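S.K.: My questions are about this predicted structure, shown below with the sequence.
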Amino acid sequence: MIKTHAPITRKDFIIVVNDDKPQLAAIALSYLYKKNEYLPIFTYQNVGIAQDSPATDPDPFLIQRRRAEHFSVFINNAILENGGCENLIYLGLTEQQKSFLSVHNYYNTLDIETLEEIPAYLGGFGVDKVESLGCSIEQLGSGTFRALKQSFILVVGDYNPELDEPDGEVHDGIVVVEHIPTADFIVAVGYAATVGAELVIVHALGERGEENIRYLLEGWQRGETDDLANLKEKIFSRIGHVDFIVYSYATFFTEGLPYTILVKEIPASMVNLIYRPDFFVFNAIRAEQAEQLGSAVVFSPSLFKDEEETAKLITLFEFENYYQRLIIGKKANVFNLKNTIENYPFGLLHICSHGGDVDGMNCQVKFITADKNQHNIEFSHVLTIAITPYEDLHAVQSMYYFKKLDGLTWRSEGLNALGYSNEFYAALPNIISKAFNQKKVTYLGKALSIPSTNAIRCTSGQNYPATFDHLAAPQTHAFIFNNTCWSWSGVSDNFLLGGCKGYVGTLRKVQNRDAVRFAIIFYEKVFESNILTAFHEASKDFLKKNDLQVYIYWGLHFSTLKNTNPVHQNKVAVLESLGESAAAWQNKLEHLEGSLPLLKGKVKDVRWLTYDVVGTTLGHEPR
């Protein structure tokens with residue numbers, strides 16, 4: 001039986017570390033670690049420019065700016081949700097990174113820049129740790145894990161052969177971590193120690209590893225046995241020596257290798273090392289400490305008629321006293337799904353539809369740069385329109401999937417050899433957008449099933465690619481079951497980034513009858529146990545008729561779906577959350593804190609949801 005007890009998060013320390021400094025994170029953690037208590041560590045990717053630096057057009061630092069701004073918001077929210085912290089520790093942050101942060105203005109901050117400074121700053125907090133444990137830089141993961149388990153101070157230096165020997169402890173679960181060269185690796189190691197699991201460190205996937213795994217999965221779907229064998233070999237070469245049956249659960253921290261297709265004996269889940277694993281772990285732990293929101297959303301364009309799980313799940317959720325928002329049939333459009341995900345407070349979202357790669361148009365744009373050189377970019381264009389129901393002003397989203405540049409395949413060695421600057425690549429989306437506005441785009445024909453365009457099918461043939469910055473009411477840390485084909489990556493990314501505590505998706509196409517049965521078995525089990533146990537029970541049933549597992553679960557072993565309140569109380573909680581959200585956006589609008597059209601749209605969208613809950617219609621809105 002899986003232990004469902006989650007560790008508590010500490011309030012005495014919170015660490016923000018430069019993602020390029022895993023050694024700093026490891027040694028600092030060894031000074032501060034306490035058994036069975038999770039010390040939140042958040043990893044901050046490098047920024048090449050300060051926040052107040054003027055932006056150029058095009059801005060080569062645009063992605064870095066946005067990433068840093070998002071991190072600032074997320075770290076503020078995390079600390080508030082944690083109830084604050086007594087000591088905020090900055091580890092190896094650059095001045096550019098710190099320029100985007102404001103949390104140090106509110107908490108006692110220890111700004112540690114180098115390894116040599118750690119004993120002076122943190123030695124007083126680790127006075128009970130009188131022994132040290134040495135390891136080489138190559139042993140950083142195993143050395144950190146052993147130091148934490150033995151309450152030793154970690155010292156990085158010479159190779160330590162003792163770390164090659166087992167520690168002799170009996171562990172309930174096992175955590176497998178890919179050895180990536182960033183501080184997220186230490187986050188995973190620290191988590192394994194906190195939950196008392198065995199730790200196994202395996203090789204990372206390498207450059208473009210996630211993309212290569214996708215190619216193998218596509219080959220498996222086409223029936224190419226070599227691709228399936230290659231995929232299995234990648235998994236087996238890392239974990240083939242592990243006897244999983246002696247553990248009650250397994251968690252895999254991975255950049256995208258689906259270990260769980262081979263691990264069938266015990267309940268197994270994964271954590272994505274690419275999409276903020278630090279916040280994902282923190283969110284999952286915090287979700288178990290707080291009262292869960294008994295609000296469920298069921299989305300289905302009714303594409304499978306009566307042969308889908310929707311009606312059964314609505315009945316199950318009703319029995320569990322969930323207040324439900326039903327986006328069914330004609331209501332299952334892009335606007336309603338997008339608006340719900342971004343603005344409606346829910347603890348559970350179930351999606352029943354088609355998924356996978358979508359269609360678009362193959363296009364070409366010829367352009368001349370400032371140096372008088374002519375270029376040619378070929379790309380696939382996917383257009384999504386969210387028809388706004390209350391005004392003739394609709395959100396239009398264009399997504400470009402590059403195929404060739406100057407006749408060379410995108411990301412190929414030949415293209416990289418040309419040495420085009422970051423500024424050149426950053427300018428491409430603007431160049432294409434201007435070409436569309438000026439009607440200078442050459443259409444090359446329809447593009448079918450454009451790779452990596454994973455989306456959710458809505459009504460009228462529209463597809464929603466799940467592009468959003470955050471989930472509504474982020475502190476609820478919702479659970480997502482995306483019961484569509486190819487939903488494990490791409491469309492899952494922003495859910496993982498946005499604050500969910502768990503996500504179930506599929507590695508490839510899944511037959512409708514299997515999808516229906518899996519979902520029903522899962523939900524029949526989940527309310528009496530936990531998410532991982534229910535997922536494992538549904539997986540065992542799925543494997544009775546299928547050779548390999550298609551479903552995966554991004555999540556942790558202790559996460560649950562528990563609703564203890566009556567329906568009416570859950571409805572009131574939804575309305576209260578919507579009211580708070582509307583007030584927050586209205587306040588931003590009055591103080592012009594952002595784009596005026598965006599803020600006005602947010603106010604209207606939240607009000608639309610509020611009126612929908614109370615059963616009225618949206619009236620005339622002021623300018």
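M.R.: The structure has been received and is ready for your questions. Numbers count the residues shown, from 1 in each chain.
S.K.: so which strand or helix has Gly356?
M.R.: strand 355-368 (DSSP states H and E).
S.K.: So which bits of that strand are buried?
M.R.: Within strand 355-368, the residues that qualify as buried are 355-358, 360-363, 365, 367, counting by 16 or more other C-beta atoms under 10 Å. Where C-beta positions appear, they are placed from N, C-alpha and C, glycine not excepted.
S.K.: Regarding this protein, what is its longest helix?
M.R.: helix 567-590 (DSSP state H).
S.K.: Against which helices or strands is that helix packed?
M.R.: The helices and strands touching helix 567-590, judged by 3 or more C-beta pairs under 8 Å, 6 or more residues apart in numbering; DSSP states H and E, are strand 295-300, strand 323-328, helix 596-614.
S.K.: do that again at 7 Å, thanks
M.R.: strand 323-328, helix 596-614 (3 or more C-beta pairs under 7 Å, 6 or more residues apart in numbering; DSSP states H and E).
S.K.: quick check: angle from the shortest one to helix 567-590?
M.R.: The one in question is strand 323-328. Interaxial angle of strand 323-328 relative to helix 567-590 (axes from the mean of the first three to the mean of the last three C-alpha atoms, to 10 degrees): 70 degrees.
S.K.: pLDDT of strand 323-328, averaged?
M.R.: The average pLDDT for strand 323-328 rounds to 97.
S.K.: Quick one: residues in contact with it.
M.R.: 294-300, 302, 310, 314, 317, 336-337, 340, 344, 346, 567, 570-571, 574 (C-beta atoms under 7 Å, 6 or more residues apart in numbering).
S.K.: which element follows the strand holding Gly356 toward the C-terminus?
M.R.: Strand 355-368 is succeeded, C-terminally, by strand 374-386 (DSSP H and E).
S.K.: Please point out which parts of that following strand sit buried.
M.R.: The neighbour-count check on strand 374-386 (16+ other C-beta under 10 Å) flags 377-382, 384, 386 as buried.
S.K.: Neighbouring strands - and their directions - for that strand?
M.R.: Using DSSP bridges, strand 374-386 pairs in its sheet with strand 355-368 (antiparallel), strand 395-405 (antiparallel).
S.K.: Mind putting those into CSV with mean pLDDT and distance to Val195?
M.R.: What follows is the strands paired with strand 374-386, written out as CSV (pLDDT from 0 to 100; distance: least, C-beta to C-beta, whole Å):
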stretch, mean pLDDT, distance to Val195
strand 355-368, 93, 32
strand 395-405, 91, 39
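S.K.: Distance to Gln462 added to those, as TSV?
M.R.: Shown next, in TSV, are the strands paired with strand 374-386 (distance: least, C-beta to C-beta, whole Å):
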stretch	distance to Gln462
strand 355-368	10
strand 395-405	11
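S.K.: Of the ones you listed, which is nearest Phe100?
M.R.: Phe100 lies closest to strand 395-405 among the strands paired with strand 374-386, at 26.3 Å (C-beta to C-beta).
S.K.: Next, the angle helix 596-614 makes with that closest one.
M.R.: 120 degrees.
S.K.: measure the most centrally placed residue in the chain to Asp278 for me?
M.R.: Closest residue to the average C-alpha location of the chain: Leu496 at 1.8 Å, with C-alpha atoms, centre = their mean. Here Leu496 is placed at a distance of 12 Å from Asp278 (C-beta to C-beta, to the nearest Å).
S.K.: got the angle between the strand ranked longest in the chain and strand 355-368?
M.R.: Among the segments of the chain that qualify as a strand by DSSP state E, the longest is strand 442-457. Angle of strand 442-457 versus strand 355-368, following the same axes, to 10 degrees, is 150 degrees.
S.K.: List the buried residues for strand 442-457?
M.R.: Buried, per 16+ other C-beta under 10 Å, within strand 442-457: 447, 450, 453-457.
S.K.: Of all pairs in the residues you listed, which one spans the longest distance?
M.R.: The largest separation in the buried residues of strand 442-457, counting by C-beta to C-beta, is between Ala447 and Ile456 at 18.8 Å.
S.K.: quick one, phi psi at the residue of the chain most remote from its centre?
M.R.: In the chain, counting by C-alpha atoms, centre = their mean, Lys372 sits farthest out from the average C-alpha position, at 41.8 Å. Main-chain dihedrals, Lys372, degrees, to the nearest 10: phi 70, psi 10.
S.K.: And the pLDDT at it?
M.R.: 90.
S.K.: Could you report the separation of it from Pro60?
M.R.: Distance of Lys372 to Pro60, given as C-beta to C-beta: 21 Å.
S.K.: sorry, back to before: list the contacts of the strand holding Gly356.
M.R.: Outside strand 355-368, the residues within contact range by C-beta under 7 Å, 6+ apart are 374-382, 431-432, 435, 440-451, 453-457, 463, 484-487, 491.
S.K.: coming back round to it: in contact with the residue nearest to the centre of the chain, which residues?
M.R.: With contacts defined as C-beta under 7 Å, 6+ apart, Leu496 is in contact with 272, 275, 280, 503, 554.
S.K.: Out of the strands paired with strand 374-386, flag the one nearest Gly123.
M.R.: Short answer: strand 395-405, nearest of these by C-beta to C-beta, at 51.4 Å.
S.K.: low-scoring pLDDT stretches of this structure, where are they?
M.R.: Applying pLDDT under 70 to the chain picks out residues 1-4, 616-623.
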